[in-house]
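Undergrad: Provided below for reference: sequence and predicted model.
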Amino acid sequence: MAKRTYVRLQKMLADCGVASRRKSEELIRQGSVKVNGVVAEIGDKVDPYKDKVMVNGRRVTANAKPRYRYIMLNKPRGYVTTMNDERGRKCVAELVADIEERVYPVGRLDRDSEGMLLFTNDGDFANRIMHPKKDIYKVYRVTVRPAVTDEMLMQFEDGMMLDGRKTAPAEVRVISRQEGRVVLEILLREGRNRQIRRMCELLGLEVARLRRVAIGGVKMGMLKKGDWRDLTQDEVKKLMADPNPSRHLQQ
């Protein structure tokens, strides 16, 4: 008799494109997942090819040889980062609906932000990008009003208090200055909710535009708004590799 191979339930769900590992854990905690007719719990392991796994009443089937996809989308402003929205808002799922595989977003961009957003059906890849200990940095172009002082730049780099915790030091440089408007490039190594907007608010700055332009050394380049493309093999390897040394923004 062939030996059965067991994996953690959330990994199986992520590998099948149901959701990221973190979101899959939420589904398990909510009681939305059953294994062989029994409501699953965190810590359960399954045989992806033998056990009957259901999510919200729908069967999840593991492919013998899953085809992993790694997608880069230039998210336009006005879309929420979710595969469906109960409030009827435009969601990023509409922009990747023509992808044959069932992919899900890796991380998020808030509705008013735009730029580089990754999608995949590879749970290990998604976990690598999103795990805070992996130190995958992200670069943003941020247009703020009215003006930015050297002291403000130092506060970005020193960190500031959000929700009772100090933010990790950011890298920041000025791209351009015009009367009443400054364009900054900001590099973050953590991803708290609406972090850049909240940091700017603490400094009395209004964010006019926020656009993510790179993740872990992979740049969005000239990809048009609303368009997507597959990552190259080199780009996937770069994101899966260990992070590069300290500073990344060109001064």
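TA: Thanks, I have it. All values derive from a computational prediction rather than experimental measurement.
Undergrad: Mind listing the strands whichever helix or strand Met72 is part of pairs with, and their directions?
TA: Using DSSP states H and E, Met72 sits within strand 70-75. Next to strand 70-75 in the sheet, as set by DSSP bridges, lie strand 114-120 (antiparallel), strand 228-230 (antiparallel).
Undergrad: Make TSV from those and add mean pLDDT and distance to Ile196 to it.
TA: Placement of C-beta: from N, CA and C, glycine included. Below are the strands paired with strand 70-75 laid out as TSV (pLDDT from 0 to 100; distance: least, C-beta to C-beta, whole Å):
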stretch	mean pLDDT	distance to Ile196
strand 114-120	97	12
strand 228-230	97	24
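Undergrad: so can I have a markdown table of the ones you listed showing distance to Met154?
TA: Listed next are the strands paired with strand 70-75 as a markdown table, based on distance: least, C-beta to C-beta, whole Å:
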| stretch | distance to Met154 |
| --- | --- |
| strand 114-120 | 26 |
| strand 228-230 | 38 |
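Undergrad: Return the most buried member of the ones you listed.
TA: Highest mean neighbour count of these: strand 114-120, a mean of 24 (counted as mean count of other C-beta atoms under 10 Å).
Undergrad: neighbouring contacts of the helix or strand just after it?
TA: Where DSSP H and E defines the elements, the next helix or strand beyond strand 114-120 is helix 123-130. Helix 123-130 has contacts (C-beta atoms under 8 Å, 6 or more residues apart in numbering) with 10-11, 13-15, 20-22, 24, 68, 70, 104, 106-107, 118, 120, 134, 136, 191, 215-216, 236, 239-240.
Undergrad: so Val182 is in which element?
TA: Counting by DSSP H and E, Val182 is found in strand 181-188.
Undergrad: Go ahead and name everything in contact with the lengthiest strand in the chain.
TA: Using DSSP state E, we find that the single longest strand of the chain is strand 206-215. Here strand 206-215 makes contact (C-beta under 8 Å, 6+ apart) with 109, 112-118, 129, 136-146, 181, 185, 196-197, 200, 219-220, 239.
Undergrad: So which of the residues you listed belong to strands?
TA: When DSSP E defines the strands, the subset of the contacts of strand 206-215 inside them is 114-118, 138-145, 181, 185, 219.
Undergrad: out of the residues you listed, who's nearest Gly37?
TA: Ranked by distance to Gly37 (C-beta to C-beta), those are led by Leu118 at 35.1 Å.
Undergrad: Can you tell me how far that closest one is from Arg181?
TA: Per C-beta to C-beta, to the nearest Å, Leu118 is found 30 Å from Arg181.
Undergrad: Nearest residue to the middle of this protein?
TA: Gly107 (1.7 Å; C-alpha atoms, centre = their mean).
Undergrad: Excluding covalently adjacent residues, which one is nearest to it?
TA: Met130 (5.5 Å; C-beta to C-beta, 6 or more residues apart in numbering).
Undergrad: Noted, bye for now.
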